[in-house]
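Participant: Turn this into a model:
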Amino acid sequence: MQSQPTPNSPSIRESIHLGVFTLFCFFAFTYNLSEIPPYHADENFYVTSARNMVDSDDYITPIYHEKKRFAKPILFYWLVAASYKTFGINLFSARLVSTFFGALCIPLAYIIARRLFDLKTAIISALLLPGCYLHFQISRWAITDMALNFFILSAFYFFIRGFQGESNRATAYYLAYICMGVGFMIKGPPAIIIPTLVISCYILISRNWKELSQLRLGSGVLVLAIIILPWFTAMLVIHGNEFKNHILGAELRDRIIHDTSFSLYYFLVIIRYYLPWSFFFIAALAVKFGTISTKPISLSLNDGYFLFLKEKLKSWHSKVIKKDNLAFLFSALWIILPWTLFTLFRIEHSRYMLPVSTPIVMITAQFFSQLIDSPTGFQGRAFNVAFYLTLIFYLLTTTLTVMGLLFLAPHFPVPIELPTLLLLNLFGFVALFMFYKLKKYFSMVIALSILQIVFLATLSGNTLSYFNRYPMKLFSDKILSDPQNNKHIGIYQLGSHRARIGVMTGLPAIHLKNPTELKLFIKSKNIAYIVMRVTEWEKNFYNLPVTTQAIETGWKKIRMTKLMFQSLLMYGLASQLDEYSESYILLKKTDAMRPIAQLEASSLKNYN
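Facilitator: Residues are numbered from 1 along each chain as shown. Next up is the predicted model:
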């Protein structure tokens, strides 16, 4: 891998600019950080388990809903617990860990791109990364993936430093192994598998066998063992076969052997979760593969398909290992190998594509950089198609927002973020078009990046909550305002809401499936909160020893048909609001029995 002719270390001025932009992105990531939606169900595990660590002072075994949780190594739990101790026990503190690492990935992407490509590509890479929806959103979730991504990026950075032949190569490789080990202690094997696959295939394709002997593999294995083994050994000593069987079963066997069919899920993830950058990424690939397309092969298919294919691959290999293409080769392998790995394992989670965010934006940034340097590049068909698709994307989101606002504004108060979002979209749309026509291409890239970041920040929290009408935010605030300890939450026949309220409160939330479980829950818990549909409470449970704490509305889960859409467009939402929405109630256990409960029922009916 070649060294770049420009200095690899940023100047003081570059560092200041990069620091200011990183701080701006950090604040964008934290905007309405404690709001839901969106949320991820897995946040429950870390929000609740880390809270239990702080409460119990047991920092070895995570406990979730009074059960031992062996699903992930310990480090991320420790990070969330440390955030709790520093900033208080709340959802904001739990998510702040991912936000911190999400922001740090931006300067890391910059220095990696500067080493692989050039200064301009590095600047554009840093501009594009926080505007990737996948990166932005996972920076706002209390799950392991962003912290893992940071340490995978760090491992790649130190491997690249070692490849580029600096005097302290041994130190660079040791730091790479340390990052892989720390990443393993956050989420397990992907922290080692992904860098190992990419580095190995890069050495194999580039035939840089000399570098293989410089990697200090034996010392690297020792470093990994020193970082990984202590906690796993302690858990094995404490929990014995229970821990061992979980690791060998649920964490290894069940992830490899299952009946999920193969699909193009991750291909669609790269298209959907990287909009609008995915338009330009596809254009960049089209242009790049056009420039390294193979020369005509003298053999015909009549000479044998495999012989023809062999010559074709040999010709392609001779071009791709040229010095000018090595950085692209490394980036392409960084995308292809994780994509292939997770496709083969048939584990379909969009967040698994987070580690390929940086190579995607680097390839896209190089495309922009080359077009900026070319006086006619931005007039080419590849860019124009991607650019106008981007304009259509923002126009479509603006149109859908306006339609939603027209339907909902007469019935629900409009948050200030929503008109702000519309104005930003309109301003951004006009600014992009003007920069393009004035041929201010670098300014256009900067404007597109800032627009995307502000768009995603404005969309988060209150704006999405306004459209989705999730009632659990109000209920969570009510529960958390109760100063009593040892609170428990029961969710009666509202499956998805259990995870949502668990994330927002950090408290045990139990799914209650039938009246027997509900009554047993109330009887067995000293401080119990229950969430259910108002209709269910009025019909079957009005005589329970509970008091009403709050009432809120939300959308029913309905599969929309063409006829229903036509009805909404013709008659609006006013006459059909009851058909699409339902009311939920938050109840709290009380010692009062039937008389007070009946009074509550009467007051609720008057409210309705």
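
Participant: Residue 153: how many residues sit nearby?
Facilitator: Neighbours of residue 153 under the rule other C-beta atoms under 10 Å: 23. Bear in mind the C-beta positions are built from the backbone N, C-alpha and C, glycine included.

Participant: From what I see, it and residue 109 are in contact.
Facilitator: Yes - between residue 153 and residue 109 there is a contact under C-beta atoms under 8 Å: 7.0 Å.

Participant: which neighbours do these two share?
Facilitator: By the contact definition C-beta atoms under 8 Å, 6 or more residues apart in numbering, residue 153 and residue 109 are jointly contacted by residue 358.

Participant: so how many other residues sit close to residue 539?
Facilitator: Neighbour count of residue 539, defined by other C-beta under 10 Å: 9.

Participant: element containing it, please.
Facilitator: Using DSSP states H and E, residue 539 sits in helix 534-540.

Participant: Same check on residue 552?
Facilitator: Secondary structure (DSSP H and E) places residue 552 in strand 546-555.

Participant: Could you pull out the buried residues of that strand?
Facilitator: For strand 546-555, the neighbour count (16 or more other C-beta atoms under 10 Å) marks 546, 548-552, 554 as buried.

Participant: Can you say which two of the residues you listed are spatially most distant?
Facilitator: For the buried residues of strand 546-555, the maximum inter-member distance is 20.1 Å, found between 546 and 554 (C-beta to C-beta).

Participant: Am I right that residue 412 sits in a helix?
Facilitator: No - assessed by DSSP: H, G, I helix; E, B strand; the rest coil, residue 412 does not belong to a helix; its assignment is coil.

Participant: my guess is it contacts residue 466, does it?
Facilitator: Yes - if you go by C-beta under 8 Å, residue 412 and residue 466 touch, sitting 6.8 Å apart.

Participant: out of these two, which sits in the busier spot?
Facilitator: The neighbour count for residue 412 versus residue 466, taken as other C-beta under 10 Å, is higher for residue 466 (19 against 12).

Participant: Enumerate every residue touching that one.
Facilitator: 408, 412, 414-415, 418.

Participant: before we move on, what about residue 113?
Facilitator: 121-122, 125-126, 358, 362, 365.

Participant: Let me know whether residue 202 touches residue 330 as I believe.
Facilitator: Yes - counting by C-beta under 8 Å, residue 202 touches residue 330, with 5.5 Å between them.

Participant: the more surrounded of those two?
Facilitator: When residue 202 and residue 330 are compared for neighbours, residue 330 comes out ahead with 24 against 21, by other C-beta under 10 Å.

Participant: Skip ahead from the strand or helix carrying the more buried one and say which helix or strand is next.
Facilitator: Secondary structure assigned from DSSP H and E places residue 330 in helix 326-345. Counting by DSSP H and E, the element after helix 326-345 in chain order, helix or strand, is helix 357-373.

Participant: and the angle from that following helix to helix 326-345?
Facilitator: In terms of direction (axes from the mean of the first three to the mean of the last three C-alpha atoms, to 10 degrees), helix 357-373 departs from helix 326-345 by 140 degrees.

Participant: before we move on, the earlier item: save the contacts of residue 466 as CSV, and put in pLDDT and distance to residue 21 too.
Facilitator: Formatted as CSV, those follow (pLDDT from 0 to 100; distance: C-beta to C-beta, whole Å):
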residue, pLDDT, distance to residue 21
408, 79, 35
412, 79, 36
414, 80, 31
415, 79, 27
418, 80, 27
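
Participant: Please indicate which of those are buried?
Facilitator: Among the contacts of residue 466, those buried by neighbour count (16+ other C-beta under 10 Å) are 408, 415, 418.

Participant: Give me the domain ranges for this structure.
Facilitator: What the record gives for the chain is the domain set 12-261, 377-459, 469-607, from automatic domain parsing.

Participant: Mean pLDDT lowest where, among these?
Facilitator: If the domains of the chain are sorted by mean pLDDT, domain 469-607 sits at the bottom with a mean of 77.

Participant: Run through the residues that contact the residue nearest the centre of the chain.
Facilitator: Centroid-nearest residue in the chain: residue 138, 2.6 Å away (criterion: C-alpha atoms, centre = their mean). By C-beta under 8 Å, 6+ apart, residue 138 lies in contact with 98, 102, 145-146, 149, 351, 354.

Participant: if we go to 10 Å?
Facilitator: Contacts for residue 138 (C-beta atoms under 10 Å, 6 or more residues apart in numbering) come out as 29, 40, 98-99, 101-102, 132, 144-149, 273, 350-351, 354, 357.

Participant: Ok, residue 286 next?
Facilitator: Shown in contact with residue 286 (C-beta under 10 Å, 6+ apart): 367, 381-382, 385-386.

Participant: cool, residue 141 as well?
Facilitator: Counting by C-beta under 10 Å, 6+ apart, residue 141 makes contact with 33, 38-40, 42-43, 46, 94-95, 97-99, 102, 351, 503.

Participant: After the helix or strand encompassing residue 45, heading C-terminal, what element do we hit next?
Facilitator: In the assignment (DSSP H and E), residue 45 maps to helix 43-56. Downstream of helix 43-56, the next assigned helix or strand under DSSP H and E is strand 63-64.
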